[in-house]
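> need a 3D model of the following:
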Amino acid sequence: MLILIAGPYRSGTGDDPALMARNLERLEEAAWPIFRSGHVPMIGEWVALPVLRGAGGTSPTDPVASEILYPTAERLLRHCDAVLRLPGESTGADEDVRIARERGLPVYDRVEDIPGYSAA
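Modelled structure (predicted):
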């Protein structure tokens with residue numbers, strides 16, 4: 001499965017770049033267990049941030065970001081088979097979950113619940 005990892009990125013950071021980077025690291029921590037379990041992990045920011053830079057944006061706080069960040073996740077969800085929703089307040093991640101459920105995709109709250117999960 002292609003699994004979108006959804007969780008806080010900008011939320012709760014006060015737009016501090018170091019805190020946003022730490023949130024991205026938390027999202028990325030789930031990538032290896034998903035991959036190890038036979039699936040392909042995906043994080044919206046992996047796609048959206050280079051697109052943002054290509055559009056002339058320098059950070060998720062730039063006005064153009066609103067045209068890129070959430071729409072990227074929505075487009076990715078057209079290709080994903082499931083969503084892993086990590087803990088923490090996040091409007092974007094909540095929207096990812098809403099879209100996934102609307103499309104009938106499974107939403108997992110723990111990486112351990114993903115089919116084929118392997119701890120080692």
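> how far off centre is the host helix or strand of residue 24?
When elements are assigned from DSSP states H and E, residue 24 belongs to helix 17-29. Offset of helix 17-29 from its chain centre (C-alpha atoms, centre = their mean, to the nearest Å): 11 Å.
> which residues does the one helix or strand residue 98 maps to contact?
For residue 98, the host element (DSSP H and E) is helix 91-102. Under the contact criterion C-beta atoms under 8 Å, 6 or more residues apart in numbering, helix 91-102 has outside partners 4, 6-11, 44, 69-70, 73-74, 77, 80, 82-83, 85-86, 106-107. Every residue, glycine included, has its C-beta placed from N, CA and C.
> the worst-scoring helix or strand of the chain on mean pLDDT packs against which elements?
The helix or strand of the chain with the poorest confidence is helix 69-77; it has a mean of 93 (mean pLDDT, DSSP states H and E). Helix 69-77 sits against strand 2-6, helix 44-54, helix 91-102, with contacts defined as 3 or more C-beta pairs under 8 Å, 6 or more residues apart in numbering; DSSP states H and E.
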